[in-house]
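Enquirer: Curious how this folds, go ahead:
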Amino acid sequence: MGYVDVAGAGFVLPDGRELFADVSFRVGEGAKVALVGPNGAGKTTLMRMVAGDIPMQSGTVARVGGLGVMRQFIGMIGDDRTLEDLALSLVAPPLRDAGSTLAGATAALDETEKSQIAYANALATWGEVGGYDAEVVFDTVAVAILGKSWEETKDRVVRTLSGGEQKRFALDLLLRGNDEVLLLDEPDNFLDVPAKRWLEQRIRESSKAILFVSHDRELLAQTADRVVAVEGGGAWTHPGNFASWHEARMNRHERMEELRRRWDEEHEKIRELVFMLKNKAAYNDGLASRYQAAQTRLRKFEEAGPPPLPPKEQSVRMNLRGGRTGKRSVICQQVELENLTFPFDLEIWYGDRVAVLGANGSGKSHFLRLLAAGGTEPDLEHQPVDGAPLAHVKHNGVARLGARVRPGHFSQTHDRPELVEKTLIEILWRGDEHRSGVDRAGAMKALSRYELGAQGDQRFGTLSGGQQARFLVLLLELSGATLLLLDEPTDNLDLASAEALEEGLKAFDGTVIAVTHDRWFTRSFDRFVLFRADNEVVEVPEPVWDVR
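Expert: Model prediction:
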């Protein structure tokens, strides 16, 4: 069995700001521990430190047992890894190295004796480290998730799979693997509701020690037996489950406020005593020693410092404006996504809030990208949207946007390669396709409303997933879009940010179409379009999670 001990961990950002300090917690044998906290508090950084991806700046991490790691994003745009590459990245280092050597020897194999010997040696090593047993697991997972054998799927490029297929493949492989400790960063992102229920069951049944980050409250309630909250530049551990964590957090904050109030009162009493003795000692030499003792007491009291205040609650204020458009925002006539849907008709009116539901891989994201590209004109077949092509899905029929409808697209994978190396201020101040002529003060004001003021000079690519999501919503706000096309917008948002988004959408003067598997978020919509398992696309009166 394996476990992880983190003691006194601290991390300072490149700009000198302290992200967190003196973080200590334990993931015991078989424990299921959730890392929760605001976006940007340092959850992913902590996970990377435990995984050994980045060095410990202070403190220590002790790991016992094999370590399996799943990162927040798997198959990003521009990532040409195959499914075999992904599988090898998730196994133990000796097996990973042997697999890479075998792949290289296979690619170099020709008629020469040297290449044949190298191939034979690589094949022998692969067998010695358990490669053939691993291939059995790879095949089992490929059939379970993709419905095809390992030989049929291993050369497939990862990014051609849906986000849910990528996550389920990685999760199933890790949960079936030999590693005793798993680190899972946002494992439920991109999963549909049946897949989330599958994940909840698999985590509960697993004997592995699992440390995971999630913002899905239902998954947290179903799986976590301990909660580590990262907030306010530190962390604390709640020994109970997530259902009791909110009350524990409230009680903790009340105790912190009470201790601070008492410290302030005691501080004021000592200061008043010093002031009184100072005045009296000026006329009475016999009080000089008492005055000096009081000064020493005050100095030591202040050097010890006050107890910390509760972490500041987030205040994200999204000002999604939109604008008046024609009565019909979207008109679909016999639209068909080849091999994904049968032809369907759909009319979406100005002001509608439409939730697009269905299983992963059913065509929902392709549908949103199609609308983001402006419709189904022939020259849009391979036109990129937010840096991503339409994934070569052919479409038939007619999809049109109404008068004065300006689409704004939020991508599920945050795939904006043109932003990765730019700071947030550079993107807003110097202008991009969304906004030009914004001065620095205006840019900082907008960032502050999204709790991103401190990240103004930070590169987009270094932000946490939740911070990236908030910034991309800000770009939508500044774009003047009147039709918001949101692909899983709450996946990486913490609770406060998700609630702010919901409030912002209520005030938005326009039309919203959102692909979502967030059961809580879906309740804020008034129309529901279901991509069914039988390829039919139908409107349903209420949310449906069983796509059959």
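Enquirer: switch to C-alpha atoms for all contacts and neighbour counts from now on
Expert: OK.
Enquirer: Just give the number of residues close to residue 94.
Expert: 13 (other CA atoms under 10 Å).
Enquirer: which residues touch it?
Expert: Shown in contact with residue 94 (CA atoms under 8 Å, 6 or more residues apart in numbering): residue 129.
Enquirer: mind checking the SS state of it?
Expert: Here residue 94 is recorded as helix under DSSP: H, G, I helix; E, B strand; the rest coil.
Enquirer: Can you give me the distance of it to residue 464?
Expert: 31 Å (CA to CA, to the nearest Å).
Enquirer: ditto for residue 439
Expert: From residue 439 to residue 464 the distance is 25 Å (CA to CA).
Enquirer: More neighbours: which of the two?
Expert: residue 464 (19 against 13).
Enquirer: The more buried one against residue 40, yeah?
Expert: Yes: with contact defined as CA atoms under 8 Å, residue 464 reaches residue 40; the gap is 5.6 Å.
Enquirer: Now name the helix or strand holding the residue nearest the centre of the chain.
Expert: By CA atoms, centre = their mean, the chain has its centre lying nearest to residue 492, at 3.5 Å. Using DSSP states H and E, residue 492 falls within no helix or strand.
Enquirer: Quick check: closest non-adjacent residue to it.
Expert: residue 466 (4.6 Å; CA to CA, 6 or more residues apart in numbering).
Enquirer: Helices of the stretch 51-200 of the chain, start to end?
Expert: Counting by DSSP state H, counting those that start in this stretch, one finds helices in the stretch 51-200 of the chain at the ranges 83-89, 93-108, 113-128, 131-146, 150-153, 163-176, 193-205.
Enquirer: List the buried residues for the last one?
Expert: Okay, so that is helix 193-205. 193-196, 199-200, 202-204 (16 or more other CA atoms under 10 Å).
Enquirer: of all those residues, which comes closest to residue 358?
Expert: The closest of the buried residues of helix 193-205 to residue 358 turns out to be residue 193 (CA to CA; 8.9 Å).
Enquirer: Contact partners for that closest one?
Expert: 359, 517-518, 545.
Enquirer: any idea which of those residues is closest to residue 239?
Expert: Comparing the contacts of residue 193 against residue 239 with CA to CA places residue 518 closest, at 26.8 Å.
Enquirer: Could you measure from the closest one over to residue 145?
Expert: 21 Å.
Enquirer: which one of the two has more residues nearby?
Expert: When residue 518 and residue 145 are compared for neighbours, residue 518 comes out ahead with 20 against 17, by other CA under 10 Å.
Enquirer: Kindly provide the distance from the nearest residue to that one once chain neighbours are set aside to residue 262.
Expert: Nearest non-adjacent residue to residue 518, counting by CA to CA, 6+ apart: residue 490, 7.3 Å away. To residue 262, residue 490 is 40 Å away according to CA to CA.
Enquirer: More neighbours: these two, which one.
Expert: Set residue 490 next to residue 262 and count neighbours by other CA under 10 Å: residue 490 wins out with 25 against 14.
Enquirer: Let me know which of the helices of the stretch 51-200 of the chain is tucked in deepest.
Expert: Comparing the helices of the stretch 51-200 of the chain by mean neighbour count (mean count of other CA atoms under 10 Å), helix 163-176 comes out on top with a mean of 22.
Enquirer: Any idea how far the helix of greatest length in the chain is from the middle of the chain?
Expert: What stands out as the longest helix in the chain, according to DSSP state H, is helix 245-281. Relative to its chain's centre, helix 245-281 lies at 39 Å (CA atoms, centre = their mean, to the nearest Å).
Enquirer: Buried ones in it, by neighbour count?
Expert: Here helix 245-281 shows 245, 249, 253, 256-257, 259-260, 263, 267, 270-271, 273-274, 277-278, 281 as buried, counting by 16+ other CA under 10 Å.
Enquirer: again with stretch 223-237
Expert: Buried, per 16+ other CA under 10 Å, within stretch 223-237: 223-235, 237.
Enquirer: for stretch 405-422, same thing?
Expert: Quick answer for stretch 405-422 (16+ other CA under 10 Å): 405-417, 422.
Enquirer: And the average pLDDT for that stretch is what?
Expert: The average pLDDT for stretch 405-422 rounds to 86.
Enquirer: Let me know the pLDDT of residue 380.
Expert: 39.
Enquirer: Please apply the same query to residue 390.
Expert: 44.
Enquirer: now residue 374
Expert: 80.
Enquirer: separation between it and residue 505?
Expert: For residue 374 relative to residue 505 (CA to CA), the value is 22 Å.
Enquirer: pretty sure residue 479 contacts residue 407?
Expert: No: counting by CA under 8 Å, residue 479 stays clear of residue 407, with 9.3 Å between them.
Enquirer: May I have the residues that are in contact with residue 291?
Expert: 274, 277-278, 281.
Enquirer: whoops, residue 482 was the one
Expert: 322-325, 404-408, 509-511.
Enquirer: cool, and residue 505?
Expert: 320, 512.
Enquirer: Let's see that with 7 Å instead.
Expert: Shown in contact with residue 505 (CA atoms under 7 Å, 6 or more residues apart in numbering): residue 320.
Enquirer: With residue 181 instead?
Expert: So residue 181 contacts 2-3, 65-68, 208-210 (CA under 7 Å, 6+ apart).
Enquirer: Would you format those residues as JSON lines with distance to residue 458, neighbour count and pLDDT included?
Expert: Putting the contacts of residue 181 into JSON lines (distance: CA to CA, whole Å; neighbours: other CA atoms under 10 Å; pLDDT from 0 to 100) gives the following:
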{"residue": "2", "distance to residue 458": "36", "neighbour count": "21", "pLDDT": "89"}
{"residue": "3", "distance to residue 458": "34", "neighbour count": "23", "pLDDT": "93"}
{"residue": "65", "distance to residue 458": "36", "neighbour count": "17", "pLDDT": "90"}
{"residue": "66", "distance to residue 458": "34", "neighbour count": "17", "pLDDT": "90"}
{"residue": "67", "distance to residue 458": "31", "neighbour count": "24", "pLDDT": "93"}
{"residue": "68", "distance to residue 458": "30", "neighbour count": "23", "pLDDT": "92"}
{"residue": "208", "distance to residue 458": "36", "neighbour count": "24", "pLDDT": "95"}
{"residue": "209", "distance to residue 458": "34", "neighbour count": "25", "pLDDT": "96"}
{"residue": "210", "distance to residue 458": "31", "neighbour count": "27", "pLDDT": "97"}
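Enquirer: ok, so of these, who is nearest residue 177?
Expert: Out of these, the member with the shortest distance to residue 177 (by CA to CA) is residue 68, at 8.3 Å.
Enquirer: give me the number of residues near residue 339?
Expert: Quick note: residue 339 (other CA under 10 Å) scores 12 neighbours.
Enquirer: next one: residue 450
Expert: So residue 450, with other CA under 10 Å, has 22 neighbours.
Enquirer: Do I have it right that it meets residue 316?
Expert: Yes: using CA atoms under 7 Å, residue 450 makes contact with residue 316 at a distance of 4.8 Å.
Enquirer: what's the farthest-apart pair in the buried residues of helix 245-281?
Expert: 245 and 281 (53.0 Å).
Enquirer: name the element the closest residue to residue 319 other than its chain neighbours belongs to?
Expert: Once flanking residues are discounted, residue 319 sits nearest to residue 504: 6.1 Å by CA to CA, 6+ apart. According to DSSP H and E, residue 504 maps onto helix 495-507.
Enquirer: list the buried ones in that helix?
Expert: So for helix 495-507, counting by 16+ other CA under 10 Å, buried means 495, 497-506.
Enquirer: what's downstream of it, the next helix or strand?
Expert: strand 511-515.
Enquirer: contacting residues for the nearest residue to residue 101 once chain neighbours are set aside?
Expert: Excluding the flanking residues, the one nearest residue 101 by CA to CA, 6+ apart is residue 122, at 6.2 Å. Counting by CA under 7 Å, 6+ apart, residue 122 makes contact with 98, 101-102, 105.
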